[in-house]
Structures are given as structure tokens and as C-alpha cells.
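Asker: Here is a sequence together with a model predicted from it:
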Amino acid sequence: MRGNVYWADLGHGEKPWVVVSNNARNNALGSALVARMTTSVKPPLDSIVVLDTADSPFTGRILCDDIETLYDDDPVRHGGALRPATIMRIDRALRVAFALR
């Protein structure tokens with residue numbers, strides 16, 4: 001589940017979200033922590049992952065400082081999964097967003 005992209009309406013219309021929490025936590029709690037994806041231009045922050053052509057069909061940015069909870073019973077559409085290299089970039093951005101070393 002981690003690294004998967006889901007389209008869901010979490011209160012602001014349907015948007016793409018990427019699962020950033022670990023699978024053990026997701027399975028135990030029946031929910032996942034997700035970061036919003038956007039195609040809007042954002043400032044160059046280390047907490048934002050800019051997707052490149054290797055991430056196709058995904059485009060835009062992953063906002064690792066915009067975290068929500070996606071529950072198992074929320075209606076979603078599966079959008080695919082990100083590459084391991086992109087997930088590693090997300091890991092670094094999450095460490096920045098949450099001031100973790």
C-alpha cells in the first residue's frame with residue numbers, strides 16, 4: 001500500500017494522494033497517512049518532491065507537508081504506484097517536513 005496513489009475526496013474535491021505511512025501501521029489501524037499530489041506550481045521547498053518524466057504517468061509535485069488520513073472505508077480510485085526511487089525522495093522530504101534526522 002505504501003507508495004500507492006489513490007484518488008479520493010478528503011473534503012476539497014477528488015485529488016490524488018500518495019500513501020506515505022508504513023504498511024504495518026496501515027493494516028493495524030485501518031487507515032493510511034497520505035500526502036497530497038498537485039500540478040500547481042509551488043515554491044522550491046525540501047518538503048516538496050517534484051516529479052520528473054521517469055514518474056510518468058504521474059506529474060507535478062508531492063506535498064510532504066500536506067498530510068491527511070485516508071480510511072479504509074473512504075471511496076477511492078487506485079491510480080497506480082510510484083517508483084522506489086521516488087519513494088526514497090518522499091522519505092527525505094518527510095524527514096524535512098517533520099524535522100526528523
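Answerer: In hand now; what should we look at?
Asker: Next, the contact list for residue 22, please.
Answerer: When contacts are counted by C-beta atoms under 8 Å, 6 or more residues apart in numbering, residue 22 is found next to residue 2. Where you see a C-beta, it was placed from the backbone N, CA and C, and this is true even at glycine.
Asker: Any regions of the protein where pLDDT drops low?
Answerer: Judged against pLDDT under 70, the chain has no low-scoring part.
Asker: Packing partners of the biggest strand by length in it?
Answerer: The strand that spans the most residues within the chain, counting by DSSP state E, is strand 61-71. Contact analysis of strand 61-71 by 3 or more C-beta pairs under 8 Å, 6 or more residues apart in numbering; DSSP states H and E lists strand 14-19, strand 31-38, strand 48-50, helix 84-97 as its packing neighbours.
Asker: just the angle between that strand and strand 14-19, please?
Answerer: For the pair strand 61-71 and strand 14-19, the angle between their directions (axes from the mean of the first three to the mean of the last three C-alpha atoms, to 10 degrees) equals 90 degrees.
Asker: Could you point out the bridge partners of the residue nearest to residue 89 when sequence neighbours are not counted in the sheet?
Answerer: Distances taken as C-beta to C-beta, 6 or more residues apart in numbering place residue 49 nearest to residue 89, at 4.9 Å, with adjacent residues excluded. The residues paired with residue 49 through beta bridges, assigned by DSSP bridges, are residue 62.
Asker: hang on, isn't residue 49 packed against residue 93?
Answerer: Yes. With contact defined as C-beta atoms under 8 Å, residue 49 counts as touching residue 93 (5.0 Å).
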